[in-house]
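J.: Attaching a predicted model along with its sequence, questions to come.
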Protein chains: 2
Amino acid sequence: MRYQKIPDETVRRLPVYLRGALHLSRCGVESTSSEKLADLIGVEPWQIRKDFSYFGDFDTPGVGYDLSSLVSRVNNILRLDAGHKAALVGVGNLGSALLAYPGFRTYGFEIVAAFDIDRRKIGRRQAGVSIEDMAALGALNTCGLHLGIIAVPETASQDIADAIVKAGIKGILTFSPRRIAVPRGVKVITIDIAIDLARLPYYLPSNRR
Amino acid sequence: MRYQKIPDETVRRLPVYLRGALHLSRCGVESTSSEKLADLIGVEPWQIRKDFSYFGDFDTPGVGYDLSSLVSRVNNILRLDAGHKAALVGVGNLGSALLAYPGFRTYGFEIVAAFDIDRRKIGRRQAGVSIEDMAALGALNTCGLHLGIIAVPETASQDIADAIVKAGIKGILTFSPRRIAVPRGVKVITIDIAIDLARLPYYLPSNRR
């Protein structure tokens, strides 16, 4: 089932709801309300209800959200239920941190391939993944991978994007603030690590600014 | 001037608008509309207008948003105009990537202190910052720093948070998915790198899921 005309902002919040629901589940909670979920993750309750309303009824009147059904439905909407394998390009400091990051498994992701240009790294294994030569990016085609994570210096990000798109990648997560151009049908999500820091001073007490 | 009752979601989007406005400015654009800005950053135009409406009039009818005034007002609202110095705790792979990350300067941030427990790192300089002993976190008090970035393993994040809060830190950016408890008046922003990946499969063509 495909859902149409869902705002990107709603899609962006769904994983946040999922994380909150998973957290409550792990604490042994079985059902919750939009108020409690909102309080946990820091959004407004009406926003949660509105976002879920795009996908039909999520809650039972008087009971609220059943957490296991909520988790399974959001996983289904986001298409996380099947699990996803991703390729990582760039095994520098950031790439190494990503390879070791346990949080990807929360959402069913696994980095199964890694590429770098550094001869000293190629052929080594890191976090259980063998590092391949970046010149062999074309091999992604034969692996049937469709998700790529780009963690290379900014100046190289467009070339890498071109190469992995050519090799069949349809979804890219990039840590380079530089905008990368991709053909229609390829989705790029950019993470700017600094942008979350940019709202922190807003919350400082006024004598500490 | 303090602004009251601004939703956290609005505060979260302001740096995104700022980044878009800075991008247009760098391209030589002098004014823009909510439609063009929305198109650039991937939100709805009404959302931009609504978010800005909390802070008074941003646009001139018939002209739109003057970009230099927009940048300066958003910088002022977010209190980025004075510039901010931050301390980094944990100089592993992620911490090293953060130290080298050029994007912080976009928003006026500078990492000026770094701490680690690894004897081999302590005393060394990296990206122009000297790495200090984590046992000396109390020294933050004397530096007058109020922003801290935590990039340590998940199991250590609460202890580090306790230590830097004791040393006067009022705003924390943490990369640990584990929730950390802080006293009232301290703001914590958590970055879960995986959560942005979690919405990527939603956009994949249906035969590539």
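T.: Yes, it's here. Owing to the predicted nature of the structure, the values given are computational and were not obtained by experimental measurement.

J.: Please, where are all the helices along chain A?
T.: A:8-26, A:34-41, A:45-53, A:67-77, A:93-100, A:140-143, A:157-166, A:193-197 (DSSP state H).

J.: Domain boundaries for chain A, per the record?
T.: What automatic domain parsing lists as the domains of chain A is A:8-77, A:84-195.

J.: Now mean pLDDT too, for these, in TSV please.
T.: TSV is the format used below for the domains of chain A (pLDDT from 0 to 100):
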stretch	mean pLDDT
domain A:8-77	89
domain A:84-195	92
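
J.: The biggest strand by length in chain A vs chain B: in contact?
T.: Criterion DSSP state E: the longest strand present in chain A is strand A:109-116. Yes: residues of strand A:109-116 are located near chain B by CB under 8 Å from any CB of the partner chain, namely residue A:109. For glycine as for every other residue, the C-beta is placed from the backbone atoms N, C-alpha and C.

J.: between that strand and helix A:93-100, how big is the angle?
T.: 140 degrees (axes from the mean of the first three to the mean of the last three CA atoms, to 10 degrees).

J.: list the helices and strands strand A:109-116 packs on?
T.: The contact analysis (3 or more CB pairs under 8 Å, 6 or more residues apart in numbering or on different chains; DSSP states H and E) places strand A:109-116 against strand A:84-89, helix A:93-100, strand A:129-133, helix A:140-143.

J.: Quick one: closest of the ones you listed to chain B.
T.: helix A:93-100 (3.8 Å; CB to the nearest CB).

J.: ok, residues contacting that closest one?
T.: With CB atoms under 8 Å, 6 or more residues apart in numbering or on different chains as the test, helix A:93-100 has contacts from A:88-89, A:91, A:104, A:111, A:114, A:116, A:126-127, A:129, A:149, A:151, A:175, B:92-94, B:96-97, B:100, B:193.

J.: Now do the buried residues in that helix.
T.: A:93, A:94, A:95, A:96, A:97, A:98, A:99 (16 or more other CB atoms under 10 Å in any protein chain shown).

J.: which residues sit in contact with the closest residue to residue A:176 other than its chain neighbours?
T.: Excluding its sequence neighbours, the residue lying closest to residue A:176 (CB to CB, 6 or more residues apart in numbering or on different chains) is residue A:157, at 3.9 Å. Going by CB under 8 Å, 6+ apart, residue A:157 touches A:150, A:174, A:176, A:178, A:180.

J.: how far away is residue A:157 from residue A:148?
T.: Per CB to CB, to the nearest Å, residue A:157 is found 11 Å from residue A:148.

J.: Then residue A:184?
T.: Using CB to CB, residue A:184 is found at 17 Å from residue A:148.

J.: Next: residue A:68.
T.: Residue A:68 is 32 Å from residue A:148, by CB to CB.

J.: Just the C-alphas of stretch A:139-152, formatted as CSV.
T.: Extracted in CSV, the C-alpha atoms of stretch A:139-152 (Å, rounded to 0.1, in the frame of the first residue of the first chain):
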residue,chain,number,x,y,z
ALA,A,139,30.4,-3.5,-7.7
LEU,A,140,27.4,-2.1,-5.8
ASN,A,141,25.4,-3.0,-8.9
THR,A,142,25.9,-6.7,-8.3
CYS,A,143,25.2,-6.5,-4.6
GLY,A,144,21.7,-5.1,-5.2
LEU,A,145,22.2,-2.3,-2.7
HIS,A,146,20.0,0.8,-3.0
LEU,A,147,21.0,2.9,0.0
GLY,A,148,24.3,4.8,0.2
ILE,A,149,25.9,6.8,2.9
ILE,A,150,28.4,9.4,1.8
ALA,A,151,31.0,10.4,4.4
VAL,A,152,33.8,11.9,2.1
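
J.: Could you list the buried residues of that stretch?
T.: A:140, A:145, A:146, A:147, A:148, A:149, A:150, A:151, A:152.
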